[in-house]
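Peer 1: starting from these lines, generate the structure:
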Amino acid sequence: MRATTIALPRALAAVFLMVLGACQSPQLAAYRAKVEAQQAWAQQNGEAVQTGRMKQSEYWAGAYGIVIQQPVLQQDLPAIKITSKMIDLSKDLEAGRISQDEFDSKKRELLTAGLEENAAIQQQQAAAADQRRRTALDFYLRSRQVTTNCSAFGNNASCTTY
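Peer 2: So this is what the prediction gives:
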């Protein structure tokens, strides 16, 4: 009976660790595919904007449409904000309400703010992942089998736990 009660928590710990890792795999795979599609789309259509075959506002509207596709994760939020603002900014440029220099300046500001926000999100996610790893390790260490061997010689006892 003792071996069963010790083996059960170890098995639960192993299942917990597998489930913890497996929960993210399909979402991460879908997200990686989404990011690859975004990069391919941006490269293809960025050239169209540079050659004048596509308007800036059309490019940013298309970029926004790709960014909001599922799955939308926390790290997408800066890109969603940037593309949304860039649509309006590029329409202002096309309507002549702002100059190319103003457009470029505001674009740099938006991209810099987005990078800063993305770095903060990555730092927050790294801290959360570290906490999950520590929790899983703590669960495993608390549920593993502990053995204590003691020996006595006269009035002295010596015990070793491992």
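Peer 1: now Val146. Its backbone dihedrals?
Peer 2: phi -120, psi 130 (degrees, to the nearest 10).
Peer 1: that one contacts Cys159, correct?
Peer 2: No: in this structure Val146 lies outside contact range of Cys159 using CB atoms under 8 Å: 11.9 Å. C-beta: built from backbone N, CA, C; applies to glycine.
Peer 1: for the chain, which spans come out with low pLDDT?
Peer 2: 1-25 (pLDDT under 70).
Peer 1: for it, which helix is longest?
Peer 2: helix 100-143 (DSSP state H).
Peer 1: packing partners for that one?
Peer 2: Counting by 3 or more CB pairs under 8 Å, 6 or more residues apart in numbering; DSSP states H and E, the packing neighbours recorded for helix 100-143 are helix 2-22, helix 77-95.
Peer 1: what residues does stretch 113-131 touch?
Peer 2: Residues from elsewhere that reach stretch 113-131, judged by CB atoms under 8 Å, 6 or more residues apart in numbering: Gln74, Gln75, Leu77, Pro78, Ala79, Lys81, Ile82.
Peer 1: would you mark the buried spots in that stretch?
Peer 2: Gly114, Glu117, Asn118, Ile121 (16 or more other CB atoms under 10 Å).
Peer 1: same check, this time on stretch 132-143
Peer 2: Residues of stretch 132-143 classed as buried by neighbour count (16+ other CB under 10 Å): Phe139, Tyr140, Ser143.
Peer 1: which of the residues you listed lies closest to Phe153?
Peer 2: Ser143 (33.7 Å; CB to CB).
Peer 1: from Val67, how far off is Gly114?
Peer 2: The gap separating Gly114 from Val67 is 11 Å, by CB to CB, to the nearest Å.
Peer 1: what's the overlap in contacts for these two?
Peer 2: Counting by CB under 8 Å, 6+ apart, the residues touching both Gly114 and Val67 are Ala79.
Peer 1: can I have the buried ones of the contacts of stretch 113-131 as a PyMOL selection?
Peer 2: Selection of the buried residues among the contacts of stretch 113-131 in PyMOL, burial being defined by 16+ other CB under 10 Å:
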select buried, resi 78+79+82
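Peer 1: need the contacts of stretch 113-131 in CSV (columns: distance to Gln27).
Peer 2: Formatted as CSV, those follow (distance: CB to CB, whole Å):
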residue, distance to Gln27
Gln74, 12
Gln75, 12
Leu77, 16
Pro78, 19
Ala79, 17
Lys81, 22
Ile82, 23
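Peer 1: cool, thanks, signing off.
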